[in-house]
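>>> Here is the input, now give the coordinates:
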Amino acid sequence: MRRDTRGQRGFTLIEVLVAMLVLAFGILGMISLQALAVGQSTAAEDRARATQLANNLAAQMWLDKGAKVTAAQISTWQGTLDSASNPATGLPGGSGSVSYDSTHKLSIITVTWTDPHTGTAHQYQTVVQIPDGTS
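Below is the predicted model:
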């Protein structure tokens with residue numbers, strides 16, 4: 001008995017399995033890209049929050065018309081940096097420091113935090129120089 005293969009239609013089992021494998025790899029690739037996008041979005045949000053926190057202290061300096069701040073102001077500002085004490089606006093493992101250069105009358109504001117997922121330390125730094133009206 002001879003089989004006629006000229007009219008054969010449909011897919012073989014191997015073709016279906018290969019198609020499913022290609023589809024599975026495509027879906028896995030999209031899931032990994034989504035996870036990467038979420039991680040990058042969180043990192044960008046942390047950088048923006050660090051910028052805002054440093055700018056809050058710089059704004060206080062402008063209001064006080066000088067780049068030098070008191071220890072009480074620095075302490076209050078540092079209390080807003082860590083997400084443990086300030087979950088709404090703080091950074092994970094956030095801390096900060098301010099150094100004052102009296103020669104040039106400028107302050108260097110530094111905000112540091114740690115990415116909770118990767119454990120990577122990050123730092124944002126800004127320099128504030130405010131004219132005090134005396135020359």
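
>>> Strands along this protein, start to end?
Applying DSSP state E to the chain gives strands spanning 95-101, 106-114, 121-129.

>>> So which other helices or strands are in contact with the first one?
What that stands for is strand 95-101. helix 13-64, helix 71-79, strand 106-114 (3 or more CB pairs under 8 Å, 6 or more residues apart in numbering; DSSP states H and E). All C-beta spots, glycine's among them, are computed from the backbone N, C-alpha and C.

>>> Most tightly packed of those?
strand 106-114 (a mean of 19; mean count of other CB atoms under 10 Å).

>>> Contacts for that one next, please.
Residues outside strand 106-114 that contact it (CB atoms under 8 Å, 6 or more residues apart in numbering): 46, 50, 53-54, 57-58, 61, 67-69, 81, 91-101, 120-129.

>>> Going through these, which ones are buried?
46, 50, 53-54, 57-58, 61, 67-69, 81, 91-94, 96, 98, 122, 124, 128 (16 or more other CB atoms under 10 Å).

>>> how close does the residue at minimal distance from the centre of the chain sit to Ala54?
Using CA atoms, centre = their mean, the residue of the chain that lies closest to the mean C-alpha position is Ala43, 2.0 Å off. Applying CB to CB, to the nearest Å, the value for Ala43 to Ala54 is 17 Å.
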